[in-house]
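A.B. asks: only geometry, no sequence info:
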């Protein structure tokens, strides 16, 4: 496999991991909370009616999807949202939106102009 | 023959629409006749120097995209549904000249559906749905339900 194909494959796998991470409502709520600012694990767990080990598990899924980054200061674990993985999908969507908007504008112009002649 | 994939199976997709003052037959022809396609294809600044279209289920196409810097990108694919003048569905992959001959990763599957709908008097609404689909059917039922247009996701995450 060439390097570019390996990179493609790696990106595809990463996107699968991201979408799996997002498929759980507790994890989505945790992400929303982090969008409002970084939090310690304790702060993050506070609004949820589930055990700390369960929160930890969710956090690990979010971390392996690279949606959340953790830094450790002594005993305190700080979590913050990491936008990088969503950027890949965002890039694809925005590239093709621009592509198709431009292409359909060109099609419209071609047909409407040529029908006039 | 219906396509196997639907927006529910894709990782994400986008939809773009236009209304064109002409008949569906005319628009369909502009889309599928290579001599005509070359005249309009290419969001600026790209132009189309070459196009081949074998318009039938299983037929292949390739469309060249030439940029001002001289680089040439090929869009390649195969038709899975051909229903003139109403609808087309085909696979889509992008190859630059250096990748000539390289087999695409089986996981990187994209699909384009184009519908040509008559509206009002003598107008056509053209709708393009471009989906990114994974080959692996490992999606759980709530992943399938999570049809994510990510523009919406950012919106959701900032207001939830």
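C.D. replies: Right, received. Where do you want to start? This is a predicted model, so every value here is computed, not measured.
A.B. asks: partner residues bridging the residue nearest to residue B:80 when sequence neighbours are not counted?
C.D. replies: Leaving aside its chain neighbours, residue B:80 sits nearest to residue B:89 (4.9 Å; criterion: C-beta to C-beta, 6 or more residues apart in numbering or on different chains). From N, CA and C alone the C-beta is placed, and that goes for glycine too. Residue B:89 has the following beta-bridge partners by DSSP bridges: residue B:81, residue B:113.
A.B. asks: do the same with the one 4 residues further on
C.D. replies: The residues paired with residue B:93 through beta bridges, assigned by DSSP bridges, are residue B:76.
A.B. asks: my guess is it meets residue B:78, correct?
C.D. replies: No - counting by C-beta atoms under 8 Å, residue B:93 sits too far from residue B:78 to count as a contact (9.6 Å).
A.B. asks: So for residue B:3, what's the pLDDT?
C.D. replies: At residue B:3, the model reports a pLDDT of 31.
A.B. asks: picking that back up, next one: the residue nearest to residue B:80 from residue B:128, what distance?
C.D. replies: From residue B:89 across to residue B:128, the span is 11 Å (C-beta to C-beta, to the nearest Å).
A.B. asks: quick one: the strands in chain B?
C.D. replies: Assigned by DSSP state E, the strands in chain B fall at B:12-20, B:51-53, B:60-66, B:72-83, B:87-96, B:109-119, B:123-133.
A.B. asks: ugh, wrong one, chain A
C.D. replies: Using DSSP E, strands in chain A cover A:39-40, A:68-73, A:76-81.
A.B. asks: so what sits against both of residue B:89 and residue B:128?
C.D. replies: Shared contacts of residue B:89 and residue B:128, defined by C-beta atoms under 8 Å, 6 or more residues apart in numbering or on different chains, comprise B:112, B:113, B:114.
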